[in-house]
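Generate a structure from the sequence data that follows.
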Amino acid sequence: MRAANTILIALIFVFSATAISAMPDSFYKAMSNMRTENTICVKNYDAGASFTESYRDFEHLERETEIESRSYNTSGSQSDLTSGNASLEVRVRSNVQGKAHIAWQSRDILPDRMGRHATYSRASEDLTGVFNIEKFIQLWSNSTLGSTRTDWLPCS
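Numbers count the residues shown, from 1 in each chain. The predicted model follows:
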């Protein structure tokens, strides 16, 4: 009985080894050429704000991102375009060896006569190499300069 179990285990090993070696070379090339990617995109339509953080082709990535998207005093009615106060706050801390793309934009939530939304501000940053990133982005709608304790860029 013990010899039969040994032969069965040996046959399973031979079959599994054959199955692994039966894969075409193109499979191994494709697996070794896979690109690493880590992306997040957040939009707050009430604030007219969006944020994108993307890392690609990285060998090392330590990332800590905190995002707070809020909408206050919204009516819920499609005809009421006064959506109250809204905000998008982002804190980014990362240590990267590779490529990074960080972008944000702020635009008017109400369309103009042509149906377009005016862009108030926009920033895009592309990095390649070994670097640390520390950012704090705060986008608010319906705010005045004295109402927040840090520097900010209003959405409207």
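
can I see the domain layout of the protein?
What automatic domain parsing lists as the domains of the chain is 1-34, 35-154.

between the ones you listed, which has the poorest average model confidence?
Confidence, taken as mean pLDDT, is least for domain 1-34 of the domains of the chain (a mean of 58).

What segments of this structure are strands?
37-44, 49-71, 86-107, 119-140, 153-154 (DSSP state E).

Tabulate the CA atom coordinates of the second one in PDB.
Extracted C-alpha coordinates of strand 49-71, given in PDB (Å, rounded to 0.1, in the frame of the first residue of the first chain):
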ATOM      1  CA  ALA A  49     -13.600  69.400  -7.700                       C
ATOM      2  CA  SER A  50     -11.700  66.300  -8.800                       C
ATOM      3  CA  PHE A  51      -8.400  64.700  -7.800                       C
ATOM      4  CA  THR A  52      -6.300  61.900  -9.400                       C
ATOM      5  CA  GLU A  53      -3.300  60.100  -8.000                       C
ATOM      6  CA  SER A  54      -1.600  57.500 -10.100                       C
ATOM      7  CA  TYR A  55       1.600  55.500  -9.800                       C
ATOM      8  CA  ARG A  56       3.000  53.300 -12.700                       C
ATOM      9  CA  ASP A  57       6.000  51.200 -13.400                       C
ATOM     10  CA  PHE A  58       7.100  51.400  -9.800                       C
ATOM     11  CA  GLU A  59       9.600  49.200  -8.100                       C
ATOM     12  CA  HIS A  60       8.800  50.500  -4.600                       C
ATOM     13  CA  LEU A  61       5.600  52.300  -3.400                       C
ATOM     14  CA  GLU A  62       4.700  53.300   0.100                       C
ATOM     15  CA  ARG A  63       1.500  55.300  -0.100                       C
ATOM     16  CA  GLU A  64      -0.800  56.900   2.400                       C
ATOM     17  CA  THR A  65      -3.700  58.900   1.000                       C
ATOM     18  CA  GLU A  66      -6.600  60.400   3.000                       C
ATOM     19  CA  ILE A  67      -9.500  61.800   1.100                       C
ATOM     20  CA  GLU A  68     -12.600  63.600   2.600                       C
ATOM     21  CA  SER A  69     -15.400  64.500   0.200                       C
ATOM     22  CA  ARG A  70     -18.300  66.300   1.800                       C
ATOM     23  CA  SER A  71     -21.500  67.900   0.700                       C
END
